[in-house]
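J.: Curious how this folds, go ahead:
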Amino acid sequence: MASLQTTSSFSSSLRKFNASIHLPKPSRVTYSVPKVPTRKLLVEEFNASIQTSPLKKNAVTTHIHPDLFSPSSSKKSNKAIVQLYAVLDEVADRIEMHRNIGEQRNNWNSLLLNSINMITLTATAMTGVAAATSGDTEPLLAMKLSSTLLFSAATGMSLIINKIQPSQLAEEQRNATRLFKQLHTQIQTIIALGNPTEEDVKSSMEKVLALDSAYPLPLLGAMLDKFPEKYEPAVWWPSSHQFQRRSKTQESNNGWSEDLEMEMREVIEVVKNKDLEDYERLGNIALKVNKSLAIAGPLLSGIAAVGSSFVGNGSWAALVPLVAGSLASAVNAFEHGGQVGMVFEMYRNCGGFFTLLEQTIQATLEEKNLDKRENGQVFEMKVAMKLGRSVSELRRLASKSASCRMEGIAVDEFASKLF
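T.: Modelled structure (predicted):
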């Protein structure tokens, strides 16, 4: 009993002690923990920023490369580059075409010349054998008939080869190959410099079409006249030719001065009065010689064909075909072996080169806005290199031309040292 009372008294006292101790409840502390952004949230925020401020995106990159973020300029530039590459592919194809056809026509010249001469000499020899055969026998008739047929075949082949002039055709294709290679390099330079325009594409296409007209590939209908009335320089550039104006600098007057303009004018005078006149004179001589030989070759072989049919009627009857056949072989060898047509085409091409140089200088000097011109120092260097001179030699030539003009005498020096 005593133990139970003690236990009950202890528990009652413990309840009183717990009731006397009262601790306040701790206050709830809140912490703002940022949410981890998910991928969906990031995409939504990025799209919202683009929609709200499209001009502020990538401000640093836009400042460094403004053309990359201008839709109009980038689309035009990309379109022009694609078009220029398309023109470049066509130019490369034309280079290969003209090279292959040039080799083919050069082979024509050699094969036809050798064939005609072999036929003519064989017919001449048969005529001599027929003349040595006495009496009106069957061998004499066979020799006469064979030589007549061979001379007739040589006459027809001479007319064909003199009409088309394979050596001149081959020279045309060589010049076209060189000029198309030059155009190929110019287009590559435009692309490498960057920012091509629609005007560059249009100019390149016009140059390609002008070259196609100046040096046609087909023979029937489009072949150039091999015997014009007079010598005229070749023209392989379009009438609305836009001269290159890309090498501009920030220097004053764009590298031009009054002395430089006077120098260019004096160079034009020397080119016109010396180089162009000389090539016109040589071109007319080559044209006359080629015409004379083209008529003489078939005429002589035709006379030999007619004369060979009268062999055996007298001692002098065989003399005409023998002499005519020998002269026909010599004329054909000189005309096509010496490639007189190629020489005439070379003079035409050189005359065209000087004409283009003259027009380029004149068009540049007529441009009053110096900023639209090509840089003067670069232009002077190009002209000097085209004429095979250094810049100092070009200036010396211009001063010599000016002094000779003041004295009233003609300058005794050609502008070009290349041709």
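
J.: switch to C-alpha atoms for all contacts and neighbour counts from now on
T.: Noted.

J.: gap between the helix or strand hosting Ser392 and the chain center?
T.: Under the criterion of DSSP states H and E, Ser392 resides in helix 391-407. Centre-to-centre, helix 391-407 and its host chain are 32 Å apart (Cα atoms, centre = their mean, to the nearest Å).

J.: same thing with stretch 260-268?
T.: Averaged C-alpha coordinates place stretch 260-268 at 27 Å from its chain's average position (Cα atoms, centre = their mean).

J.: tell me the mean pLDDT for it?
T.: When pLDDT is averaged over stretch 260-268, the result is 94.

J.: cool, stretch 275-294 as well?
T.: Mean predicted lDDT for stretch 275-294 stands at 95.

J.: Any buried residues in it, and which?
T.: Buried residues in stretch 275-294, counted by 16 or more other Cα atoms under 10 Å: 275-276, 279-280, 282-284, 286-288, 290-291, 293-294.

J.: With stretch 99-118 instead?
T.: 99, 101-102, 105-106, 108-109, 112-114, 116-117.

J.: could these go into JSON lines alongside pLDDT, distance to Ala384 and secondary structure?
T.: Converted to JSON lines, these look like this (pLDDT from 0 to 100; distance: Cα to Cα, whole Å; DSSP: H, G, I helix; E, B strand; the rest coil):
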{"residue": "Arg99", "pLDDT": "96", "distance to Ala384": "29", "secondary structure": "helix"}
{"residue": "Ile101", "pLDDT": "95", "distance to Ala384": "33", "secondary structure": "helix"}
{"residue": "Gly102", "pLDDT": "94", "distance to Ala384": "31", "secondary structure": "helix"}
{"residue": "Arg105", "pLDDT": "94", "distance to Ala384": "35", "secondary structure": "helix"}
{"residue": "Asn106", "pLDDT": "93", "distance to Ala384": "33", "secondary structure": "helix"}
{"residue": "Trp108", "pLDDT": "92", "distance to Ala384": "38", "secondary structure": "helix"}
{"residue": "Asn109", "pLDDT": "93", "distance to Ala384": "37", "secondary structure": "helix"}
{"residue": "Leu112", "pLDDT": "93", "distance to Ala384": "42", "secondary structure": "helix"}
{"residue": "Leu113", "pLDDT": "93", "distance to Ala384": "41", "secondary structure": "helix"}
{"residue": "Asn114", "pLDDT": "94", "distance to Ala384": "43", "secondary structure": "helix"}
{"residue": "Ile116", "pLDDT": "95", "distance to Ala384": "46", "secondary structure": "helix"}
{"residue": "Asn117", "pLDDT": "94", "distance to Ala384": "46", "secondary structure": "helix"}
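
J.: Report the separation between Asn369 and Trp256.
T.: 11 Å (Cα to Cα, to the nearest Å).

J.: neighbour-wise, which of those two wins?
T.: Trp256 (19 against 11; other Cα atoms under 10 Å).

J.: how about that one, what does it touch?
T.: With contact set as Cα atoms under 8 Å, 6 or more residues apart in numbering, Trp256 has these partners: 370, 375-377.

J.: Ile161 too?
T.: 109, 112.

J.: The one 4 residues further on too?
T.: Residues near Gln165 by Cα under 8 Å, 6+ apart: 109, 226, 341.

J.: Kindly recompute the last result at 10 Å.
T.: Contact partners of Gln165, counting by Cα atoms under 10 Å, 6 or more residues apart in numbering, are 105, 108-109, 159, 226-227, 290, 294, 335-336, 339-342.

J.: from these, which single one is nearest Glu171?
T.: Distance to Glu171 across these (Cα to Cα) is lowest for Met342, with 5.7 Å.

J.: Make a PyMOL selection of the buried ones in the contacts of Trp256.
T.: Here is the PyMOL command that selects the buried residues among the contacts of Trp256 (16+ other Cα under 10 Å):
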select buried, resi 370+375+376
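
J.: Take the contacts of Trp256 and keep only those in helices.
T.: 376-377 (DSSP state H).

J.: Which pair in the contacts of Trp256 has the greatest spatial separation?
T.: Top of the distance list for the contacts of Trp256 (Cα to Cα): Leu370 and Gln377, 12.6 Å.

J.: so what sits against both of the two?
T.: Contacts common to Leu370 and Gln377, judged by Cα under 10 Å, 6+ apart, are 254-257.

J.: Of these, which count as buried by neighbour count?
T.: 254-256.

J.: Now do the helices in this protein.
T.: 2-20, 39-52, 59-64, 71-132, 138-164, 166-193, 198-214, 258-270, 277-308, 319-332, 340-366, 376-386, 391-407.

J.: quick one: which of these is nearest Phe414?
T.: helix 258-270 (6.8 Å).

J.: Next, the buried residues of the closest one.
T.: Counting neighbours by 16+ other Cα under 10 Å, helix 258-270 gives 260-261, 263-270 as buried.

J.: Leaving aside the residues adjacent along the chain, what's closest to Ile158?
T.: Ile isn't right for residue 158; it's Ser. In space, and not counting its chain neighbours, Ser158 is closest to Pro298: 5.5 Å by Cα to Cα, 6 or more residues apart in numbering.

J.: what do you get for Val306?
T.: Using Cα to Cα, 6+ apart, the closest residue to Val306 is Thr148 (7.0 Å).

J.: any idea how far Gly388 is from that neighbour?
T.: 54 Å.

J.: same check, this time on Arg396
T.: On the measure of Cα to Cα, Arg396 and Gly388 end up 14 Å apart.

J.: go on, Lys368?
T.: Taken as Cα to Cα, the span from Lys368 to Gly388 is 28 Å.

J.: who's more crowded, those two?
T.: Gly388 (16 against 9).

J.: my read: the more buried one touches Leu418, true?
T.: Yes: with contact defined as Cα atoms under 10 Å, Gly388 and Leu418 form a contacting pair (5.4 Å).

J.: Just to check, Val383 is in contact with Ser392?
T.: No: at 11.9 Å, Val383 does not count as touching Ser392 under the criterion of Cα under 10 Å.

J.: neighbour count winner among these two?
T.: Comparing Val383 with Ser392 by other Cα under 10 Å, the one with more neighbours is Val383, at 19 against 11.

J.: Please tell me how far the nearest residue to that one once chain neighbours are set aside sits from Asp412.
T.: Leaving aside its chain neighbours, Val383 sits nearest to Leu357 (7.9 Å; criterion: Cα to Cα, 6+ apart). Distance, Leu357 to Asp412, by Cα to Cα: 20 Å.

J.: which of these two has more neighbours?
T.: Leu357 (18 against 11).
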